[in-house]
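Enquirer: for reference, the sequence and a predicted model appear below.
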Amino acid sequence: MSPLARNDRPCPAQMPDRPVVLVTGAARRLGRHLALHLGRCGYDIAVHLRRLPDADGQQLLDELRRLGARAECFAADLAVEADVESLVPRVLASLGRLDAVVNSASLFSDDDVHGLSYDSLQRHLLPNCGAPLLLARALHRHCEQAERTGCVVNVLDQKLWNPNPDHLSYTLSKAALESATGLLARALAPRLRVVGVALGVTLPSGPMTEAEFQAAHRMTPLGRSSTADDFAEAVAFLLRSPAITGTTLLVDGGQHLAAQPRDVFHLLKES
Ligand SMILES: NC(=O)c1ccc[n+]([C@@H]2O[C@H](COP(=O)([O-])OP(=O)(O)OC[C@H]3O[C@@H](n4cnc5c(N)ncnc54)[C@H](OP(=O)(O)O)[C@@H]3O)[C@@H](O)[C@H]2O)c1
């Protein structure tokens, strides 16, 4: 049975062979925070980034190695199918095994129905949903061959449960990924669990100021949205939870419960 699926030994730090997690978009922001958290929890880390050289990625490798984790960087443009298809084979050639993929990388740019184009749809759908699908399939193939179980975590957005028409292409790409989470959980069981974690406002994005970011947190029912630590701990929990598949954990201070007619960024700019 896979180390990730053992109830009696759920903590990777206690395992003889450290499991390997591929974190996409790991060089910066939430992906980086997650990679370091998982490194501290006892995982070895395949650090995905867009291209090399990447000074942030190199610094992350140094930090992970200081924590005692094996870590390597792997470049891929997630909008390019051949790059994505080669990613898991490269991780396996370098680190020898792969137990989980966390699809954190994403394109987040603003548009609405009036500015929508095939180009904006495609630019979001390929990295935000296409790449997670191909990576889940590749992990499944490996787990079948290795006779192990594995886990895919798709990073989603509370906005799917609290919809507004802003960031339309992004939202549609995450809605497709949320549907894919259930479909893949069914198609790839019992080898793979496929789960989602949906965040609220966690880091300031784009032109959001620190004051606006703090105000956005205060607008949630709990008076605080998600933090980078909340995100990392939720992913670590999902990775070690052998009975959870095909569902999404909302980690957002209840933001999805407070209906908002526009994206919080637009609400704050207009108030
Ligand atoms: N931040 C928040 O408050 C928040 C709220 C809700 C949900 N989320 C979700 O949480 C996840 C992480 O959020 P974040 O703010 O850390 O994300 P981010 O900074 O917007 O993007 C993360 C990474 O994705 C990479 N990326 C985008 N397109 C790519 C491509 N075609 N090929 C390779 N890499 C690509 C970027 O690489 P480069 O650095 O090279 O551009 C970036 O480092 C995302 O899935 C996001 O939707 C975040």
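Expert: All right, it came through fine.

Enquirer: pLDDT wise, what is the residue most central in space within the chain at?
Expert: By CA atoms, centre = their mean, the chain has its centre lying nearest to residue 104, at 2.5 Å. pLDDT for residue 104: 99.

Enquirer: now it: closest residue in space that isn't a chain neighbour?
Expert: Spatial nearest neighbour of residue 104, excluding adjacent residues (CB to CB, 6 or more residues apart in numbering): residue 31 at 4.2 Å. C-beta: built from backbone N, CA, C; applies to glycine.

Enquirer: how about the contacts made by the one you found?
Expert: Neighbour list for residue 31: 23-25, 48, 102, 104-105 [criterion: CB atoms under 8 Å, 6 or more residues apart in numbering].

Enquirer: so which residues of the stretch 51-200 of the chain form strands?
Expert: 71-75, 100-103, 150-157, 192-199 (DSSP state E, counting those that start in this stretch).

Enquirer: other residues contacting the second one?
Expert: So that's strand 100-103. 4, 19-24, 31, 34, 43, 88, 131-132, 135-136, 139, 150-155, 177, 235, 239.

Enquirer: pairing partners for it, with directions?
Expert: Using DSSP bridges, the strands paired with strand 100-103 in its sheet are strand 20-23 (parallel), strand 150-157 (parallel).

Enquirer: ok, and which of the contacts of strand 100-103 reach the ligand?
Expert: Among these, proximity to the ligand is found for 31, 155 (CB under 6 Å from any ligand atom).

Enquirer: what average pLDDT does stretch 19-34 get?
Expert: Per-residue pLDDT values across stretch 19-34 average out to 98.

Enquirer: number of nearby residues for residue 223?
Expert: Using other CB atoms under 10 Å, residue 223 is surrounded by 10 other residues.

Enquirer: what sits against it?
Expert: Residue 223 touches 217, 253, counting by CB under 8 Å, 6+ apart.

Enquirer: sorry, back to before: make a PyMOL selection of the buried ones in the contacts of residue 31.
Expert: Here is the PyMOL command that selects the buried residues among the contacts of residue 31 (16 or more other CB atoms under 10 Å):
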select buried, resi 23+24+25+48+102+104+105
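
Enquirer: sitting in helices, which of the contacts of residue 31 do you find?
Expert: Per DSSP state H, helices hold no members of the contacts of residue 31.

Enquirer: my read: residue 78 touches residue 124, true?
Expert: No: between residue 78 and residue 124 no contact is recorded; they are 11.0 Å apart, counting by CB atoms under 8 Å.

Enquirer: gap between the closest residue to residue 18 other than its chain neighbours and residue 226?
Expert: Using CB to CB, 6+ apart and skipping the chain neighbours, the partner closest in space to residue 18 is residue 44 (4.7 Å). Plainly put, residue 44 is 26 Å away from residue 226 if you go by CB to CB, to the nearest Å.
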